[in-house]
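Undergrad: Could you work out the structure for the sequence below:
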Amino acid sequence: MLNDRLLVQLDEDAAERRSNGGIVIPATAVVGKRLTWGRVVAAGQQVRQVEVGDRVLFDPDERAEVELEATTYLLLREKDVHAVAQPRPGAPGTGLYL
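TA: Model (predicted):
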């Protein structure tokens, strides 16, 4: 990975959602602005706030898809990440930071 780029794998639950009534909502359903969670699998040398293994929240419209070894990943810039929800060992706080 170069510069401030992140390689992110979507969470498995991001593909389909269920309503409170149990109705399955496919990933292709158009809803308002909805952010998505994913896990960072690689990071460029200039990424400062995110580490490999962190769970990040991002806008799915600001992405590029990449397929490597039959697995689809997303390519993001660090500035496109809205939040990180991975507590770091020994770090104070709730584990959710912006």
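
Undergrad: In this protein, what helix or strand scores lowest on average pLDDT?
TA: Within the chain, no helix or strand scores below strand 17-18, which has a mean of 62 by mean pLDDT, DSSP states H and E.

Undergrad: does residue 39 sit in a helix or strand, and which one?
TA: Residue 39 belongs to strand 36-43 when assigned by DSSP states H and E.

Undergrad: Flag the shaky bits of this protein, pLDDT-wise.
TA: 12-19, 25-33, 86-98 (pLDDT under 70).

Undergrad: again, only this time at 80
TA: Under the criterion pLDDT under 80, the flagged ranges of the chain are 11-34, 60-63, 86-98.

Undergrad: Find the nearest non-adjacent residue to residue 4, please.
TA: Leaving aside its sequence neighbours, residue 4 sits nearest to residue 78 (CB to CB, 6 or more residues apart in numbering; 4.3 Å). To be clear about C-beta, it is placed using only N, CA and C from the backbone, and glycine gets the same treatment.

Undergrad: Assess the claim that the one you found and residue 45 are in contact.
TA: No. Checked against CB atoms under 8 Å, the pair residue 78 and residue 45 is beyond contact range at 11.4 Å.

Undergrad: Please identify which of these two sits among more neighbours.
TA: Shown here are residue 78 and residue 45; by other CB atoms under 10 Å, residue 78 has more neighbours (18 against 9).

Undergrad: Could you pull up the residues touching the more buried one?
TA: By CB atoms under 8 Å, 6 or more residues apart in numbering, the contact set of residue 78 is 4, 5, 6, 44, 46, 47, 48, 49, 50.

Undergrad: And residue 63, by the same measure?
TA: Contacts of residue 63 (CB under 8 Å, 6+ apart): 8, 74, 75, 76, 80.

Undergrad: So which of the contacts of residue 78 wins on neighbours?
TA: residue 6 (25 neighbours).

Undergrad: hang on, it in a helix?
TA: No. Counting by DSSP: H, G, I helix; E, B strand; the rest coil, residue 6 is not part of a helix but strand.

Undergrad: hang on, the earlier thing: got a markdown table for the contacts of residue 63, with neighbour count too?
TA: Formatted as a markdown table, the contacts of residue 63 follow (neighbours: other CB atoms under 10 Å):
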| residue | neighbour count |
| --- | --- |
| 8 | 27 |
| 74 | 20 |
| 75 | 15 |
| 76 | 22 |
| 80 | 18 |
